[in-house]
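Colleague: Okay, sequence plus prediction incoming.
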Amino acid sequence: MDHTVIIGNGISGITTARHLRKLDTNARITVISAESEYFFSRTALMYVYMGHMRFKDVQPYEDWFWEKNRIDLVNAYVDSIDFQKKKLHFSHGKDLSYDKLVLAIGSKSNKFGWKGQDLEGVQGLYSKQDLDLLEKNTDPYGSAQRVKRAVIVGGGLIGIELAEMLMSRGIPVTFLVRESLFWSNVLPEKESRLVTRHMVEHGVDLRLESELDEIIPDAAGRVKAVRTKAGEIIECELVGLTAGVSPNIDFLKDSELATDKGILVDAFMRTDQQDVFAIGDCAQFKEAIGERRPIEQVWYTGRMMGETLAHTLSGDERKYQPGHWFNSAKFFDIEYQTYGWVFAKEKEGEKHFYWEHADGKICMRFNYKKDSGLFIGLNVFGIRLRHEVLDRWLNEGRDLDHVISHLPDANFDPEFYKTYEQEINTAYEAHSGKKMKLQKRSLKRIFGL
Amino acid sequence: MSTDKDASLSLADPHPVGMNSGQKMGLTLGILGVGILFLALFGVVREQAIFLWLSLISMLSGGVVFGRSAYLESPEGIKNTGIWFDGLSARGVIGWSFGIILTSFYVLLYWYPAILGLGVEGAPNTGLVALFDPLSMWIKGSPASQWFVYGTLYTVAILSLGIKFLLKYRHNRYQKIRTIVVMLSQFILAYFIPEILEGMNSEVAYFDKDMKNMWPLNYDFFDGWHLDAMTHSGNYGMFFLVLGIFMFLVFTPIITYFVGKRWYCSWICGCGGLAETAGDNFRHLSSKKLSAWKLERWLIHTVMILVFLMTAATLYGYFAGTSEIFGLDIYTYFKKPYGFLIGSMFSGVIGVGFYPLLGNRVWCRFGCPLAGYMGIIQRFKSRFRITTNGGQCISCGNCSTYCEQGIDVRAYAQKGQNIVRASCVGCGICSAVCPRGVLKLENGPEEGRISDNPIIIGNDGVKLRF
């Protein structure tokens, strides 16, 4: 009976364990984590801080689940790995042998060597420990003297989440974004401006093209201000460093395991070591798949890698073959979904069609091939779309005319919501010079009957 | 769990952001309105119409003023910040106190109405009941009963906190339309029309004139006195008799087939109306444990069997002209225990009194035989489902947390499965609180409605079915 050991109990590791158990009733499965006793949803940590949920509510399975499914949970920290002897060394001194090893060790917050980045009151937001630390840093002098201002450095998803969190506790936030637009490596300008407006509406003090120079301590070694590259001093008692994350592989850097930014893996998620695999945030594909990045730090891709690897571990070797790209997020009150590929700037041979509602909170951007009209992908803000329908259109190679005229089929907003398909059709007619006919929503088409 | 900062049961907000002045004013108005009721109960305030109106208007406006200040001063969106830090909504001292007061009120209402001031054996009302005499006289020309007081307060709670709910969910048209319908349903169908009809037909015997309150939720419907009252009241009574049977036998199954039981439970029903409005602050307190689901299935179906047995015995007695069945007295062994244990204790005392402790749908989830009946239809023969949006779930848990029926919505959503559950009342809050647009309540073809072995979209390597 093979002993599969999984390091990391995030979505990647836990998905591997669950699916392996489904595929192989006999496998011996151990999951190791130093972060938390049980699996929790990392993306939901913000809701714990904001009081929407308790920590136990962000744990997707009841505590008895693991024993019932014979998944052994070990709460310990792995210091080092002996790949030759197939053995893990824990920080508490004990060892554990494995037959197959899965590294699902996630990320850590980026720190770019800023002066003062390790001061008290300065932190990232990734782990359960970060959340606990944020709780402490919210009220370092007791709740009667809550911090008066926080500065967030780095304009991406975690940054805006942290801003929402802190403001829910009444802490004013100054948000430093180095680029001229928020999340500009992913979002085109208009979407980025839409999010920016909404942030300002919520009272975020947003500073675009503003770069951190130094974090300044007080006499006790706690942050008291930051200085920007422009020389401005902003007084604050809490600094959030949210300039992205990178693979959490420091403890493996000196081992014989081949790494670059992440742990190098092939299409089967095999590392260069016998019977050792890496998945999720920490894995770096030697050959990127399609337009995907070699390191994918996304909930969904971690889950899919876990599903795939479980098959391989059960003896049914499978390549990681993700389908059409999709992702989602929520910026304060505005939901965002994306299906297929839309890049911040139009690529060669591609063209965008953009529509925005007059209220400035709802928009859609379609990306298509200039010559054939082939639909490549879309961004949507403030409207929910049906994954299954979008995936089908991408599979069927539909052109944008088809997508636009069948948009009601893709709508996934709650019943009675106002729809915008007619308005989008009209805008598309102006954009394309074509005469369009909007199709009525069809249950037959939606459910593929 | 040692680092779970809410392990304190949130006896106090560890980090109070504090209420703004408008919220404080709304709360003050509410307390003033309820305070007058207490003063009346203890005889400090006499039955003068001015005090009643002052109380009702204070309570009504309190919810509106509070809601405006709490929700309108920030952009529209989900307003669940601090729910688990708040003493009222997170089983803190305020929550427990509120639960005890509510429970006590129900105990007095059902078994000690004289303490509330109901005049016994022809004596005039005093105290709280007397406070409502002017309104009762105005509407139907007779003094108030404890049930008139209850009905009025119940309606005021739904209206006042319904408006608060509307302000909270002002971005969500499903919630707005549903809430307006449930408010009007209570005010018109359950309160105004029955009381007016009662006043206009005071010469005939009393029977229930709330058209939507059907058997078996209204377990008295087939009681001898109730049947007699309807059959002896001409066409007017026969209308209610025929309607009641038609609603249960024909209307309910058909509508439930097309849209699920939500048309009743969260759109029309009075119990549901109170739960969705006044109970909104407590929806997250329902237990999501598997063990709670097991208990739910045992309890609700047991109550269904009991109401069926009780009604069958009653009807047998009525038509056979006897008071016994199998040598057992029908009143003592069937009607009385059902009315006491289920009708009063379960649906009233526990169902509403325990809102701040067990959540706002205890009765609807564990007890209501009508919900159980529609649940069976919804589970096995209906077009209603909550569709899971492909692979977009991030397992965050907002849907499960805010499901008042204690359905572990996430357990389905994270597997890409649709949610088809007997207990779902279709309130739509899971869909509203989902941060990734994963859940949609909808009516669609029965084919493929239940997906037991789903493929999560987006992963081409490991499709479970080809």
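Modeller: Arrived safely.
Colleague: residues from the stretch 301-450 of chain B in reach of chain A?
Modeller: Residues of the stretch 301-450 of chain B found near chain A (C-beta under 8 Å from any C-beta of the partner chain) are B:387, B:389-392, B:394-398, B:400-401, B:410-411, B:414, B:428, B:431-433, B:435-437, B:440-442, B:444-445, B:447-448. Yep, even glycine has a C-beta here, placed from its N, CA and C like the rest.
Colleague: of these, buried ones?
Modeller: Burial by neighbour count, judged by 16 or more other C-beta atoms under 10 Å in any protein chain shown, picks out B:387, B:389-392, B:394-398, B:400-401, B:410-411, B:414, B:428, B:431-433, B:435-437, B:440-442, B:444 from those.
Colleague: Any regions of chain B where pLDDT drops low?
Modeller: Low-confidence segments of chain B (pLDDT under 70): B:1-17, B:47, B:452-455, B:463-466.
Colleague: which residues of it fall in strands?
Modeller: Assigned by DSSP state E, the strands in chain B fall at B:324-325, B:328-329, B:384-388, B:439-443.
Colleague: So what touches the third one?
Modeller: Residues lying outside strand B:384-388 but in contact with it, judged by C-beta atoms under 8 Å, 6 or more residues apart in numbering or on different chains, are A:412, B:256, B:258-262, B:378, B:409, B:412-413, B:416-420, B:424, B:426, B:430-431, B:438-444, B:449-450.
Colleague: Helices along the stretch 201-350 of chain B, start to end?
Modeller: In the stretch 201-350 of chain B, the helices defined using DSSP state H, counting those that start in this stretch lie at B:224-231, B:234-246, B:252-259, B:262-265, B:270-277, B:290-320, B:330, B:336-337.
Colleague: Remind me what the third one packs against, helices and strands.
Modeller: When contacts are defined as 3 or more C-beta pairs under 8 Å, 6 or more residues apart in numbering or on different chains; DSSP states H and E, helix B:252-259 packs onto helix B:262-265, helix B:369-380, strand B:384-388.
Colleague: got these as JSON lines, with distance to A:I81 columns?
Modeller: Shown next, in JSON lines, are these (distance: least, C-beta to C-beta, whole Å):
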{"stretch": "helix B:262-265", "distance to A:I81": "53"}
{"stretch": "helix B:369-380", "distance to A:I81": "50"}
{"stretch": "strand B:384-388", "distance to A:I81": "38"}
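Colleague: ok, A:G306 touching A:A278?
Modeller: No. Using C-beta atoms under 8 Å, A:G306 makes no contact with A:A278, being 11.6 Å away.
Colleague: Contact partners for the residue in the stretch 1-150 of chain A positioned nearest to chain B?
Modeller: Checking the stretch 1-150 of chain A residue by residue against chain B with C-beta to the nearest C-beta singles out A:A44 as nearest, at 3.6 Å. Each residue near A:A44 by C-beta under 8 Å, 6+ apart is listed here: A:53, A:58, B:394-398.
Colleague: now swap in A:Y300 and tell me
Modeller: Shown in contact with A:Y300 (C-beta under 8 Å, 6+ apart): A:326-327, B:391-392, B:458.
Colleague: State the distance from it to A:K136.
Modeller: To A:K136, A:Y300 is 32 Å away according to C-beta to C-beta, to the nearest Å.
Colleague: what's the answer for A:M50, then?
Modeller: Counting by C-beta to C-beta, the gap between A:M50 and A:K136 amounts to 17 Å.
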